[in-house]
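K.L.:
Using only what follows, build the 3D model:
(2 chains)
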Amino acid sequence: SQELEQSPQSLIVQEGKNLTINCTSSKTLYGLYWYKQKYGEGLIFLMMLQKGGEEKSHEKITAKLDEKKQQSSLHITASQPSHAGIYLCGADIPGNTGKLIFGQGTTLQVKP
Amino acid sequence: ETGVTQTPRHLVMGMTNKKSLKCEQHLGHNAMYWYKQSAKKPLELMFVYSLEERVENNSVPSRFSPECPNSSHLFLHLHTLQPEDSALYLCASSQDYRDTGGNTIYFGEGSWLTVV
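P.N.:
Next comes the predicted model:
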């Protein structure tokens, strides 16, 4: 069955540092979604990537989908305490119409 | 504010109680979802409704009973739950269920359920 693996599982960075979170699929992705969650709260949609090689940015967060559409990375530039939270990748899978499966999440702490 | 509102935000119930979680979406979407999020586990899809019709039921125990009276409202009725059912329950919606590749799902804030 399709699974999404996120790495690292947790990350502590100093404010101002850059960081990258990866999401890897065992199968080709139709669409890859990035969400951010604060502990105990809902998921906030960040970005969606569909095409191989696609890259999108929102403020200081950039997400890329590789050419083979099996891996995505989320890069945060000059991290701030407001970036802290849990980052989850979700994926559309061929044959899994309308549903997303999710990775286990990456917990990010940003130290002031 | 995502356009998906869940109530209550926190619920504590005994194993013999009956309670309900409510979800309302203000986005004009046709599909609504219940997800369960437990500690250290990926999000688990429980139910999917499309145009008020249940289209997915992922082997969820019958002590969880969903109801979708219209495309804007979704309930999760709870009865005789077990302590291991304690989790964050997330409601979500999307424009359509059948679209692929671009069917962004928007989540509510979640309802924290504790079963004692």
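K.L.:
hey, let's count contacts and neighbours off CA atoms from now on
P.N.:
Fine.
K.L.:
Any stretches of the chain with poor pLDDT?
P.N.:
Chain wasn't specified; assuming chain A. Applying pLDDT under 70 to chain A flags residues A:1-2, A:93-98.
K.L.:
you looked at the wrong chain, it should be chain B
P.N.:
B:98-102.
K.L.:
Quick check: the residue of it nearest chain A.
P.N.:
residue B:109 (3.7 Å; Cα to the nearest Cα).
K.L.:
Just grab the bridge partners of the residue minimising distance to the centre of chain B for me.
P.N.:
Taking Cα atoms, centre = their mean, the centroid of chain B lies closest to residue B:34, which sits 2.5 Å from it. Beta-bridge pairing of residue B:34, defined through DSSP bridges, involves residue B:47, residue B:91.
K.L.:
what residues are up against it?
P.N.:
By Cα atoms under 8 Å, 6 or more residues apart in numbering or on different chains, residue B:34 lies in contact with B:45, B:46, B:47, B:48, B:76, B:89, B:90, B:91, B:92.
K.L.:
Now do the strands in chain B.
P.N.:
B:4-7, B:10-13, B:18-25, B:31-37, B:44-50, B:53-57, B:64-70, B:73-79, B:87-94, B:106-107, B:111-115 (DSSP state E).
K.L.:
so can I have JSON lines of these showing distance to residue A:102?
P.N.:
Formatted as JSON lines, the strands of chain B follow (distance: least, Cα to Cα, whole Å):
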{"stretch": "strand B:4-7", "distance to residue A:102": "19"}
{"stretch": "strand B:10-13", "distance to residue A:102": "24"}
{"stretch": "strand B:18-25", "distance to residue A:102": "21"}
{"stretch": "strand B:31-37", "distance to residue A:102": "11"}
{"stretch": "strand B:44-50", "distance to residue A:102": "8"}
{"stretch": "strand B:53-57", "distance to residue A:102": "17"}
{"stretch": "strand B:64-70", "distance to residue A:102": "22"}
{"stretch": "strand B:73-79", "distance to residue A:102": "21"}
{"stretch": "strand B:87-94", "distance to residue A:102": "13"}
{"stretch": "strand B:106-107", "distance to residue A:102": "13"}
{"stretch": "strand B:111-115", "distance to residue A:102": "19"}
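K.L.:
Residue A:9: which of those is closest?
P.N.:
With Cα to Cα as the criterion, residue A:9 lies closest to strand B:31-37 of the strands of chain B, at 16.2 Å.
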